[in-house]
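Engineer: What follows is a predicted protein model with its sequence.
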Amino acid sequence: MAGGAGYIGTHTTVELIHAGYNVVIADNLSNSELSAVKGVEQIVGHPVPFEQVDCCDIQTLKRQVFDKYDFDSVIHFAAFKAVGESVAEPLKYFHNNLDSLLNVLSLMKECGVHNIVFSSSATVYGQPEVLPATEQTPRQRANSPYGLTKQMSEDIIQDTVAAVTSLQAIALRYFNPIGAHPSALIGELPKGVPANLVPFITQTAAGIRKELSVFGDDYDTPDGSCLRDYIDVVDLARAHVVAVDRMVQGKTKERFEIFNIGTGTPVSVLELVNLFEKVNGVPVPHKIAPRRPGDVEKIWASTELANTELGWKAERDLGDTLRAAWAWEKHVRGL
Ligand code: NAD
Ligand code: WQD
């Protein structure tokens, strides 16, 4: 699993192991810590093979992972994901996110590894004209280099799979992943000031941030704040298990498939803040602030294809997800 020590990778490792898979985590720890792997090991109750390796270094990736272990599937999480930083340093994003994918695909071809699940994103849709977004909704010009790497990665995978008949791929387009494992032993570990809403909420509730800025209350939405589709990270992790099952069991209908992974339910920023305060019984001081440049007004997923084809459905209650997010923040801060 490339980038498996990160937020979504650690949760996915737990779900894969619970489903009976053996997992090798490969990660250069550029945006994660070894303690995350320890958290996984605590949950599953045994050591998990870990290789510290940069996927952009093809020789080392081959030696430390592809030559050393026998596996049939790759899940490719390894990427930088900070949208704002990608605008300031596009080449850093193009290099890391594309080189790592190209190396993984090349080594899969060379070493006879057939299946890849790729972490794509709802960001590929931009602001859809019709909602909910289905997998057929036209992608729009990405509004950040980060988003562009996701669009380009999907295209690279599609063309590679078309040409290399031993390969098959599933791209999962995540909507807004939030929450943490119910054990509070793993969760999101943002570096510096969080850009994403839920880590900012939990850090504000913990007193680390003075107040949350709600970016805009004048959108064309019921309460004026933006609408998103917040997907619990454990539900999201389960989607990877189902995607791997589908490939190893030969149930794919095409050699490159794409699925939206969301709940299908739009939730506003203000609704999310209010629900967090209600379920956790803690205040989240907040103020209305100007719109954040680059934000889309509203987006949520059509989950019909994932429901019917993958047989996957989001199950976790949003209140429980926000309880888990708060339990994780308290665990990290020793509160
Ligand atoms: P994360 O930063 O927590 O995890 C990514 C992991 O990849 C980190 O552990 C990092 O150290 C590692 N990594 C980065 N570049 C690497 C490289 N060259 N070689 C080896 N390891 C490398 O992020 P996440 O939230 O777990 O996201 C996982 C994937 O899902 C990413 O591809 C991201 O773009 C995508 N995604 C995330 C979200 C989200 O909101 N979290 C939404 C949609 C898509
Ligand atoms: C959610 C909502 C903000 C912070 C990003 C990436 C996307 C994908 C998921 C990787 C928005 C509002 C936020 C704050 C706020 N990542 N907000 N105050 O922007 O929907 O998606 O993460 O692929 O590519 O763009 O997520 O959590 O940043 O914001 O009011 O302090 O919360 O305006 O409406 P976003 P987010």
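Structural biologist: Cool, got the structure. Ligands and ions are numbered 1, 2, ... in the order given.
Engineer: which bits of the stretch 101-250 of the chain sit near ligand 1?
Structural biologist: Residues of the stretch 101-250 of the chain lying near ligand 1 by CB under 6 Å from any ligand atom: Ser119, Ser121, Tyr174, Pro177. In this view, the C-beta of every residue, glycine as well, is placed from N, C-alpha and C.
Engineer: so which residue of the stretch 201-335 of the chain comes closest to ligand 1?
Structural biologist: Val233 (8.3 Å; CB to the nearest ligand atom).
Engineer: Now do the residue nearest to Lys313 when sequence neighbours are not counted, the pLDDT please.
Structural biologist: The shortest distance from Lys313 to any non-neighbouring residue, by CB to CB, 6 or more residues apart in numbering, is to Asn307 (5.3 Å). Looking at Asn307, its pLDDT is 98.
Engineer: need the contact list for the nearest residue to Leu310 once chain neighbours are set aside.
Structural biologist: Leaving aside its chain neighbours, Leu310 sits nearest to Val242 (5.0 Å; criterion: CB to CB, 6+ apart). Residues in contact with Val242, defined by CB atoms under 8 Å, 6 or more residues apart in numbering, are Leu310, Gly311, Trp312.
Engineer: Just list the residues touching the closest residue to Ser268 other than its chain neighbours, thanks.
Structural biologist: Of all residues not flanking Ser268 in the chain, Ser225 sits nearest, at 4.6 Å (CB to CB, 6+ apart). Residues counted as contacts of Ser225 (CB under 8 Å, 6+ apart) are Val214, Gly216, Asp217, Tyr219, Ser268, Val269, Leu270, Glu271.
Engineer: For Ala133, see how far away the second one is.
Structural biologist: Distance, Gly216 to Ala133, using CB to CB, to the nearest Å: 20 Å.
Engineer: These two: which has the busier surroundings?
Structural biologist: The neighbour comparison of Gly216 against Ala133 (other CB atoms under 10 Å) goes to Ala133, with 25 against 18.
Engineer: wouldn't that one be in contact with Val124 here?
Structural biologist: No - contact criterion CB atoms under 8 Å: Ala133 and Val124 do not qualify, at 9.4 Å.
Engineer: For the chain, give the helix that spans the most residues.
Structural biologist: helix 145-163 (DSSP state H).
Engineer: circling back to that earlier point, could you check how many residues crowd around the residue nearest to Lys313?
Structural biologist: Asn307, neighbours per other CB under 10 Å, totals 14.
Engineer: Begin at 28 from now on, thanks
Structural biologist: Sure, I'll start counting at 28 from here, so that last one is Asn334.
Engineer: For this structure, which segments are assigned as strands?
Structural biologist: In the chain, the strands defined using DSSP state E lie at 52-54, 77-79, 100-103, 142-148, 195-201, 203-205, 239-242, 254-255, 257-259, 283-288, 294-295, 313-316.
Engineer: would a markdown table of the ones you listed with mean pLDDT and distance to ligand 2 be doable?
Structural biologist: Converted to a markdown table, those look like this (pLDDT from 0 to 100; distance: least, CB to the nearest ligand atom, whole Å):
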| stretch | mean pLDDT | distance to ligand 2 |
| --- | --- | --- |
| strand 52-54 | 98 | 18 |
| strand 77-79 | 98 | 24 |
| strand 100-103 | 98 | 14 |
| strand 142-148 | 98 | 3 |
| strand 195-201 | 98 | 7 |
| strand 203-205 | 98 | 5 |
| strand 239-242 | 98 | 4 |
| strand 254-255 | 98 | 5 |
| strand 257-259 | 99 | 8 |
| strand 283-288 | 98 | 12 |
| strand 294-295 | 98 | 8 |
| strand 313-316 | 98 | 7 |
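Engineer: Throw those into JSON lines and include mean neighbour count, thanks.
Structural biologist: Compiled in JSON lines, these are given as follows (neighbours: other CB atoms under 10 Å):
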{"stretch": "strand 52-54", "mean neighbour count": "27"}
{"stretch": "strand 77-79", "mean neighbour count": "18"}
{"stretch": "strand 100-103", "mean neighbour count": "24"}
{"stretch": "strand 142-148", "mean neighbour count": "24"}
{"stretch": "strand 195-201", "mean neighbour count": "24"}
{"stretch": "strand 203-205", "mean neighbour count": "23"}
{"stretch": "strand 239-242", "mean neighbour count": "18"}
{"stretch": "strand 254-255", "mean neighbour count": "22"}
{"stretch": "strand 257-259", "mean neighbour count": "25"}
{"stretch": "strand 283-288", "mean neighbour count": "23"}
{"stretch": "strand 294-295", "mean neighbour count": "19"}
{"stretch": "strand 313-316", "mean neighbour count": "14"}
